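Peer 1: return atomic coordinates for the entry below.
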Amino acid sequence: MELESQIALVTGGTAGIGLESARLLAGEGAEVVISGRDADRGARAVAEIDGKVRFVRADLGDMDSIAELVSEAGPVDVLVNNAGAFPVAPTVEQGLAPFEAMFDTNVRGAYFLVAQLAPGMIARQRGSIVNVTSLAARKGMPGASVYGATKAALASLTRTWAAEFGPHGVRVNSVSPGPTRTAGVLAEWGESIEDIATTLPLRRTARPAEIAQAVLFLASPRAGYVTGSTLYVDGGGAAA
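Peer 2: Residues are numbered from 1 along each chain as shown. Coordinates of the predicted model:
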């Protein structure tokens, strides 16, 4: 098993891409910590996954909650920054509260989680951070102005962190999914994601497990010489 004796933390790990990533990481022998805001969903996710897995309730929009998550998780070897807020609205209708919530969770939360976990990785001279971004980070999508901006910021942080942490044996990469059929995406976008999918070369949406395979690859030793990169798992969206 590729990740035996390692601790992997997956934020937003109770459903969708996060849940499937946690499942694959546990399957490779990692002790997996999944975080989320809903304890009931966390308990169901833990029951679903075979292997060593536990849930820690955390709100990445809250700095105290981030500190508690770091303390509960232990010496993390693999961090998957998957948690994200994505209320959809045209720019002229986007309110301040959802704007702040998206930046707090998608950017500030990931930033300070990395800031607190990276020193341990640096001290151990190993670690892998995988940021889950989005096709919206590089492709204009009506209604996704704020969400796309937060994911573009995370893609930029990927490159900066790779340059900062690389000399200490810590790799940082991104996975950029295309439209993916998760409960959260469907709740916000509905079946309009199928309209987006028709513009892609592969003409379909992704399954969460397909995105999770890319997360696992970047987290694993198979990607040992890969850092500062974005792996586009978007049905060809980056090329279209």
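Peer 1: which parts of the chain are helices?
Peer 2: Secondary structure of the chain (DSSP state H): helices at 16-27, 39-48, 63-73, 96-103, 110-124, 145-165, 183-189, 192-197, 208-219.
Peer 1: check those for me and report the most buried one.
Peer 2: With neighbours taken as mean count of other Cβ atoms under 10 Å, the helices of the chain reach their highest mean count in helix 16-27, at a mean of 26. In this view, the C-beta of every residue, glycine as well, is placed from N, C-alpha and C.
Peer 1: how big is the angle separating the longest strand along the chain from helix 16-27?
Peer 2: Ordering each strand of the chain by length in residues (DSSP state E) puts strand 170-177 first. Interaxial angle, strand 170-177 versus helix 16-27 (axes from the mean of the first three to the mean of the last three Cα atoms, to 10 degrees): 130 degrees.
Peer 1: may I have the strands that pair with strand 170-177, each with its orientation?
Peer 2: Sheet pairing of strand 170-177 (DSSP bridges) gives strand 127-132 (parallel), strand 230-233 (parallel).
Peer 1: in the protein, which helix or strand is least confident?
Peer 2: helix 183-189 (a mean of 71; mean pLDDT, DSSP states H and E).
Peer 1: enumerate every residue touching the most centrally placed residue in the chain.
Peer 2: What sits nearest the mean C-alpha location of the chain, by Cα atoms, centre = their mean, is residue 82, with 1.9 Å. Residues near residue 82 by Cβ atoms under 8 Å, 6 or more residues apart in numbering: 10, 11, 12, 13, 17, 18, 21, 132, 215.
Peer 1: kindly reformat these as a markdown table containing distance to residue 125 and pLDDT.
Peer 2: Formatted as a markdown table, those follow (distance: Cβ to Cβ, whole Å; pLDDT from 0 to 100):
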| residue | distance to residue 125 | pLDDT |
| --- | --- | --- |
| 10 | 23 | 99 |
| 11 | 24 | 98 |
| 12 | 28 | 96 |
| 13 | 26 | 96 |
| 17 | 29 | 96 |
| 18 | 27 | 97 |
| 21 | 24 | 98 |
| 132 | 25 | 98 |
| 215 | 23 | 99 |
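Peer 1: give me the contacts around stretch 70-81.
Peer 2: 3, 6-11, 13, 18, 21, 25, 30, 33, 35, 56, 110, 113-114, 116-117, 120-121, 124, 126-132, 154, 215, 219.
Peer 1: understood, closing this out.
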